[in-house]
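Engineer: Fold the following.
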Amino acid sequence: MPQSVLPELDELHRLIELGGAHMDTQLMCKVQMGSYTFDVLSVTMGNPDPAAPAIGFFGGVHGLERIGAEVVLAYLGSLVHRLKWDSLLHTLLSEVRLVFMPLVNPGGLWQGTRANPQGVDLMRNAPIEAKEETPFLIGGQRLSATLPWYRGPKDAPMQEESYALCQTVEHRLLTSPFSAAIDCHSGFGVQDRIWFPFAHTCEPITHLAEVHALHRIFDQAQAYHRYVFEPQSLHYLTHGDLWDHLYLLARAQHPQHVFLPLTLEMGSWLWVKKNPRQLFSRHGIFNPLIAHRQQRVLRRHMAMLDFMTRAVASHARWQPDEQERDLHHRQALARWYPELPHRKHKGLIR
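Structural biologist: The predicted structure follows:
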């Protein structure tokens, strides 16, 4: 396959080769695009013990948002090149499992579309319905694949790419007593946001206290960061959110485990503000087109991803106990859900 067809996939194969025995690679599915076939790959590094803390990094769910795939690839590349000399990295990898799916939707990346080749928005494709009103179209629709935010046919199986992501999370993350995931996107506002579930309801998640504790140590360790932590429901609700589906699956299958799925929403409007000509390019609305801005984005988010890896590996040092959970939960309600009563939420009952 010529390198110009899908350079992100070429880069992933190159990093897998460089990583050698440190990389456990699984082919999750194949996507056929005319005469081209693209692999959807899952790459694992670190401690293989199913009980080890684990974190997953995902990108390219929306093919138009290439910067998400590039951020995940940049972080994976940093780790691979450090394997040769960084003894502290080897110590870290002995304690934590890292899972990478940088190109969940290679067909969409190749086409330059948000949806996959079947016209389905993978982030509206899970079997979960919103409990409250969703915005027209944006919340997910079944009218037509020619319109954005198409969920796929009713009662049909999930798309292969969606199923591949879910299988990776279920087998590589949810077995751990403590795990997290970061799904990298772009295209929302002028600030970088870290969203946590839910997207299908305005109700808080069971592990709101853990999210608040993670937010606190992030503030302490990254004093000058510009990320906004918040539930996605503060902005809009959707049907079919994959991370809501996986969080609820984790609660059903492993009720004693903690799984924190996070979504990085890079503020792409800031790139457009600095270079208004990007408005005339569909790709430019969602990605930095100037080289030095792209490099700045990669540097900034790599630091955040590395923090998250260390936080998951060290979760026992900051994860709140039962007494602390109640305080964190009340503080989180005051911060993110001011209209709810500041009391112990029913979701805390395990």
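Engineer: Kindly confirm my reading that residue 148 is in a helix.
Structural biologist: No: assessed by DSSP: H, G, I helix; E, B strand; the rest coil, residue 148 does not belong to a helix; its assignment is coil.
Engineer: Just list the residues touching it, thanks.
Structural biologist: 114, 115, 121, 137 (Cβ atoms under 8 Å, 6 or more residues apart in numbering). Just so you know, the C-beta spots here come from the backbone N, C-alpha and C atoms, and that holds for glycine as well.
Engineer: Need the three-state assignment for the closest residue to residue 117 other than its chain neighbours.
Structural biologist: Take residue 117 and drop its neighbours on the chain: the residue closest to it by Cβ to Cβ, 6 or more residues apart in numbering is residue 107, 4.0 Å away. At residue 107 the chain is in helix, as set by three-state DSSP.
Engineer: What is the neighbour count of residue 107?
Structural biologist: 22 (other Cβ atoms under 10 Å).
Engineer: Over to the one 3 residues further on?
Structural biologist: The burial metric for residue 110, expressed as a neighbour count using other Cβ under 10 Å, is 20.
Engineer: That one and residue 86, how far apart?
Structural biologist: Residue 110 sits 34 Å away from residue 86 when distances are taken as Cβ to Cβ, to the nearest Å.
Engineer: among the contacts of residue 148, which ones are buried?
Structural biologist: Buried members of these, counted by 16 or more other Cβ atoms under 10 Å: 114, 115, 121.
Engineer: ok so residue 25 is a strand residue?
Structural biologist: Yes: the assignment for residue 25, made by three-state DSSP, places it in a strand.
Engineer: wait, it sits on residue 42?
Structural biologist: Yes: using Cβ atoms under 8 Å, residue 25 is in contact with residue 42, at 7.2 Å.
Engineer: How are the strands of the stretch 151-300 of the chain distributed by residue range?
Structural biologist: Using DSSP state E, counting those that start in this stretch, the strands of the stretch 151-300 of the chain run over residues 178-186, 192-196, 227-231, 258-266.
Engineer: what's the closest of the ones you listed to residue 130?
Structural biologist: Evaluated over those, closeness to residue 130 peaks at strand 227-231, with 13.9 Å, by Cβ to Cβ.
Engineer: Can you check what angle separates that closest one from strand 192-196?
Structural biologist: Orientation of strand 227-231 against strand 192-196 (axes from the mean of the first three to the mean of the last three Cα atoms, to 10 degrees) gives an angle of 30 degrees.
Engineer: helices or strands next to strand 227-231 in the packing?
Structural biologist: Applying 3 or more Cβ pairs under 8 Å, 6 or more residues apart in numbering; DSSP states H and E, one finds that strand 227-231 makes contact with strand 192-196, helix 208-221.
Engineer: winner for burial among those?
Structural biologist: strand 192-196 (a mean of 22; mean count of other Cβ atoms under 10 Å).
Engineer: hang on, the earlier thing: how about a markdown table for the helices and strands packed on strand 227-231, with distance to residue 31 and mean pLDDT added?
Structural biologist: Listed next are the helices and strands packed on strand 227-231 as a markdown table, based on distance: least, Cβ to Cβ, whole Å; pLDDT from 0 to 100:
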| stretch | distance to residue 31 | mean pLDDT |
| --- | --- | --- |
| strand 192-196 | 27 | 96 |
| helix 208-221 | 33 | 97 |
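Engineer: Can you convert those into CSV and add a column each for distance to residue 249?
Structural biologist: Shown next, in CSV, are the helices and strands packed on strand 227-231 (distance: least, Cβ to Cβ, whole Å):
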stretch, distance to residue 249
strand 192-196, 16
helix 208-221, 18
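Engineer: for those, which one sits closest to residue 320?
Structural biologist: The closest of the helices and strands packed on strand 227-231 to residue 320 is helix 208-221. By Cβ to Cβ, the value is 5.0 Å.
Engineer: contacts for the closest one?
Structural biologist: By Cβ under 8 Å, 6+ apart, helix 208-221 touches 196, 205, 225, 227, 229, 258, 260, 307, 311, 318-320, 324-326, 328-329, 331-333, 335-336, 345, 347-348.
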